[in-house]
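Novice: structure of the sequence below:
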Amino acid sequence: MLFAAFCFSLASCAKEEKVENTDTTVGESKIIFFPTIATKGAKLIILDQGATYTEAGADAILGGAPTTFTTSGGPVNTAVPGVYNLKYLAANPEGYTAEDFRTVVVIGNDVAAKDFSGSYLRAATGVKSAWTKTAKGVYTVENPGGAAAGAGLTVIAVNYTGNKIAIPKQVSADFGVVSSGSEVYNATATPVTYSWVFFAGGYGTGLRTFTKQ
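Specialist: This is a model prediction of the structure:
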């Protein structure tokens, strides 16, 4: 009986550990909130040279509340034709980041009379890519990678000044974010040729060359 009473006494004297939670901690563990960010408005904006550009910004959230973000790649100067790649970045105190993008293309007045429409053959695969002009300096391009499996893929391409071309960064329903690099359009060649690297899932980083038919 004495032993049982002693054991009961020890048990009753033991302190219960109390876990205290706050908005930023669970016990002794710190809660880390990760930022999110989403561009407001369109991700691809195409403007004529001299038009007005209004920055729509982005929605950045941290821990359920709005937070600050930074923007790089600007400012957009609509007096100067080009492709402006804007990046929006939000961060938490621990250094974790989230980002989103917008591409603004300024189409130069010098391309009004140009028309790059037509069928282009990629000799490496024997596959054709079709360009269709939809506005000054703006084209829809079917199968921009010239791949046998690329039928049905269409992107927006631009001739923003001179003979300069690009697939501005944009979201494709089939391949997510796509764009181009190392672009050269040789309008004086016979026949006309162009080349670019097509950045899209599964396409690699090789230069792709096309000849107008």
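
Novice: helix, strand or coil: sort out residue 110 for me.
Specialist: What DSSP: H, G, I helix; E, B strand; the rest coil gives for residue 110 is helix.

Novice: isn't it right up against residue 163?
Specialist: No. Look at residue 110 against residue 163 with CB atoms under 8 Å: they stay out of range, at 10.1 Å. From N, CA and C alone the C-beta is placed, and that goes for glycine too.

Novice: residue contacts, residue 107?
Specialist: Contact analysis of residue 107 by CB atoms under 8 Å, 6 or more residues apart in numbering lists 46, 47, 48, 49, 81, 136, 137, 138, 158, 159, 160, 161.

Novice: who's it bridged to?
Specialist: Under the criterion DSSP bridges, residue 107 forms beta bridges with residue 48.

Novice: mind listing what's buried in stretch 79-98?
Specialist: Buried residues in stretch 79-98, counted by 16 or more other CB atoms under 10 Å: 81, 82, 83, 84, 85, 86, 87, 88, 89, 90, 91, 98.

Novice: nearest to residue 202, of those residues?
Specialist: When these are ranked by distance to residue 202 (CB to CB), residue 85 comes first, at 22.3 Å.

Novice: any idea how far residue 71 is from residue 80?
Specialist: Residue 71 sits 18 Å away from residue 80, going by CB to CB, to the nearest Å.

Novice: so where's the protein uncertain?
Specialist: 1-28 (pLDDT under 70).

Novice: quick one, domains of this structure?
Specialist: Using automatic domain parsing, the domain ranges for the chain come out as 33-107, 109-212.

Novice: mind checking which of the contacts of residue 107 are buried?
Specialist: Buried among the contacts of residue 107 (16+ other CB under 10 Å): 46, 47, 49, 81, 136, 137, 138, 158, 159, 160, 161.

Novice: possible to save the residues you listed as a markdown table with distance to residue 105 and secondary structure?
Specialist: Shown next, in a markdown table, are the buried ones among the contacts of residue 107 (distance: CB to CB, whole Å; DSSP: H, G, I helix; E, B strand; the rest coil):
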| residue | distance to residue 105 | secondary structure |
| --- | --- | --- |
| 46 | 5 | strand |
| 47 | 7 | strand |
| 49 | 11 | coil |
| 81 | 8 | coil |
| 136 | 11 | coil |
| 137 | 8 | coil |
| 138 | 8 | strand |
| 158 | 5 | strand |
| 159 | 10 | strand |
| 160 | 6 | strand |
| 161 | 10 | strand |
